[in-house]
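Peer 1: After the sequence you'll find the predicted model.
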Amino acid sequence: MIKRTFFLLAVFFFFTGSVFAQVSTIAVAANMKDAFTEIAAEFRSTRKPEMRVVYGSSGNFAAQIMNGAPFSLFIAADEQFPLELFKNGKTVDDGSVYAIGKLVIITKTSSGIHLLDGRADIAKAISKANKVAIAKPELAPYGRAAVQYLRAEGLWDLAKDKLVYADNVGAATTYVASGAADLGFTAFSLALLPELLKQTSYVAVDTKMYEPIKQRMVLIKGAPQEGQDLYRFMQGPKAKAILQKYGYSTP
């Protein structure tokens with residue numbers, strides 16, 4: 001009886017272990033959360049297996065993958081981190097650009113700050129703000145773009161002492177929505193979210209003042225089949241239509 005019990009337990013752990021091993025873990029940049037939620041639902045509607053999805057900053061994910069984190073697919077907010085992983089032999093190839101993001105400034109409607117297009121008006125808004133939220137530029141491409149914009153427009157000295165840094169662009173957006181910051185730099189895709197539009201306003205910044213935010217994805221070596229299938233799905237018409245709905249340009 002004891003031998004039979006051990007045998008059944010061994011069989012159980014073998015099969016459950018196999019199931020867990022097959023679950024793909026997908027690392028997704030924070031600015032992609034809402035768009036990817038919809039993309040993942042569309043992907044699963046094709047009867048694909050369940051996935052584990054983790055959202056965060058591209059820089060943190062890149063560091064984790066370098067240290068052996070078991071991700072299948074890295075859907076980043078820029079090109080730098082995926083290409084570094086490729087150069088270090090962590091990915092199948094150099095991946096693919098799946099979207100091009102845009103940088104905007106948002107403010108909470110109740111802040112009393114009115115955002116208008118143009119450098120002079122943005123300078124007035126920054127002057128009036130007590131705190132300006134951005135994602136950490138060393139970790140998040142949208143934070144890096146915000147710094148590039150401020151420097152290119154000659155607004156860095158005006159803003160630098162007011163900056164509050166968040167781990168990712170989603171957190172920077174939350175700082176503004178919660179009132180912890182009066183202004184914030186975020187992704188156009190996040191500014192378009194209905195729950196944010198109810199309480200904030202936004203203005204797009206001049207795209208010539210920061211490097212294009214080309215968002216690249218890469219398959220990690222050893223990715224299971226569902227990770228590979230999702231990688232291809234992200235380049236297809238259904239995923240592109242969803243990305244465009246959320247304010248991204250697609251290749």
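Peer 2: Happy to help now that I have it.

Peer 1: Show me where the stretch 1-150 of the chain dips below the pLDDT cut-off.
Peer 2: Across the stretch 1-150 of the chain, the ranges flagged by pLDDT under 70 are 1-22.

Peer 1: Find the residue at the geometric middle of the chain.
Peer 2: Ala29 (2.3 Å; CA atoms, centre = their mean).

Peer 1: My read is that it contacts Ala77, right?
Peer 2: Yes. Ala29 lies in contact with Ala77 (CB atoms under 8 Å); the separation is 3.6 Å. Every residue, glycine included, has its C-beta placed from N, CA and C.

Peer 1: List the residues that are in contact with both of these two.
Peer 2: Here Ala29 and Ala77 have Ser58, Ala140, Pro141, Val169, Gln215 as joint contacts, going by CB atoms under 8 Å, 6 or more residues apart in numbering.

Peer 1: among those residues, who's most crowded?
Peer 2: With neighbours taken as other CB atoms under 10 Å, the top of the shared contacts of Ala29 and Ala77 is Val169, carrying 35 neighbours.

Peer 1: which stretches of the stretch 101-250 of the chain form strands?
Peer 2: For the stretch 101-250 of the chain, applying DSSP state E, counting those that start in this stretch gives strands covering 103-108, 132-135, 163-166, 183-187, 200-204, 213-219.

Peer 1: Next step: the shared contacts of Ala29 and Ala77 restricted to helices.
Peer 2: Among the shared contacts of Ala29 and Ala77, the members falling in helices are Ser58, Pro141, Val169 (criterion: DSSP state H).

Peer 1: Rebuild those residues as JSON lines, extending it with distance to Tyr98.
Peer 2: Below are those laid out as JSON lines (distance: CB to CB, whole Å):
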{"residue": "Ser58", "distance to Tyr98": "13"}
{"residue": "Pro141", "distance to Tyr98": "14"}
{"residue": "Val169", "distance to Tyr98": "17"}
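
Peer 1: out of these, which one sits closest to Lys33?
Peer 2: Val169 (9.7 Å; CB to CB).

Peer 1: from what I can see Asp167 touches Gly59, true?
Peer 2: No. Contact between Asp167 and Gly59 fails when scored by CB under 8 Å: they sit 9.2 Å apart.

Peer 1: between these two, what contacts are shared?
Peer 2: Contacts common to Asp167 and Gly59, judged by CB under 8 Å, 6+ apart, are Lys136, Leu139, Ala140.

Peer 1: which one of those is nearest Arg119?
Peer 2: Distances from Arg119 to these, taken by CB to CB, are shortest for Ala140, at 23.7 Å.

Peer 1: For that closest one, list the residues it contacts.
Peer 2: Counting by CB under 8 Å, 6+ apart, Ala140 makes contact with Ala29, Ala30, Ser57, Ser58, Gly59, Ala77, Asp167, Asn168, Val169.
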